[in-house]
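In: missing the sequence, but the structure's below:
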């Protein structure tokens, strides 16, 4: 069974206008589109925070790759001498 909560948000007039237009074009409600946008935002930011926390734990254990090695790898992208990922 799915449960949901009701929230009220404030958006500027231009965003509301665009949301209404998008809702009409996609045959969706403004509420559906807003909920999808919030869900995508939370998913993205939750993932990012988890990855940052994981990387900090790894660095605290001394498991990290030197900046110079990463910079050289990135600089080689798209060249004939592209390097393998360091690590």
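Out: Happy to help now that I have it. This is a predicted model, so every value here is computed, not measured.

In: What count of nearby residues applies to residue 34?
Out: 16 (other CB atoms under 10 Å). To be clear about C-beta, it is placed using only N, CA and C from the backbone, and glycine gets the same treatment.

In: so where is this structure shaky, pLDDT-wise?
Out: Along the chain, segments meeting pLDDT under 70 span 1.

In: any idea how far the spatially most central residue of it is from residue 26?
Out: Closest residue to the average C-alpha location of the chain: residue 44 at 3.2 Å, with CA atoms, centre = their mean. For residue 44, the distance to residue 26 equals 21 Å [CB to CB, to the nearest Å].

In: how near is the residue nearest to the centre of the chain to residue 67?
Out: From residue 44 to residue 67 the distance is 26 Å (CB to CB).

In: just residue 61 next, same as before
Out: For residue 61 relative to residue 67 (CB to CB), the value is 18 Å.

In: need the longest helix for the chain.
Out: The single longest helix within the chain, with elements called by DSSP state H, is helix 30-60.

In: other SSEs contacting that one?
Out: Counting by 3 or more CB pairs under 8 Å, 6 or more residues apart in numbering; DSSP states H and E, the packing neighbours recorded for helix 30-60 are helix 13-26.

In: Spatially nearest residue to residue 22 (excluding sequence neighbours)?
Out: Closest residue in space to residue 22, ignoring its immediate chain neighbours: residue 33 at 6.1 Å, by CB to CB, 6 or more residues apart in numbering.

In: which residues does that neighbour contact?
Out: Neighbour list for residue 33: 19, 22, 23, 26 [criterion: CB atoms under 8 Å, 6 or more residues apart in numbering].

In: Distance check, the residue nearest to the centre of the chain against residue 38.
Out: From residue 44 across to residue 38, the span is 11 Å (CB to CB).

In: And residue 66, by the same measure?
Out: From residue 66 across to residue 38, the span is 39 Å (CB to CB).

In: quick revisit: now restrict the contacts of residue 33 to buried residues only.
Out: Using 16 or more other CB atoms under 10 Å as the burial test, these include 19, 23 as buried.

In: so who does residue 17 touch?
Out: So residue 17 contacts nothing (CB under 8 Å, 6+ apart).

In: Against residue 40, how distant is it?
Out: 21 Å.
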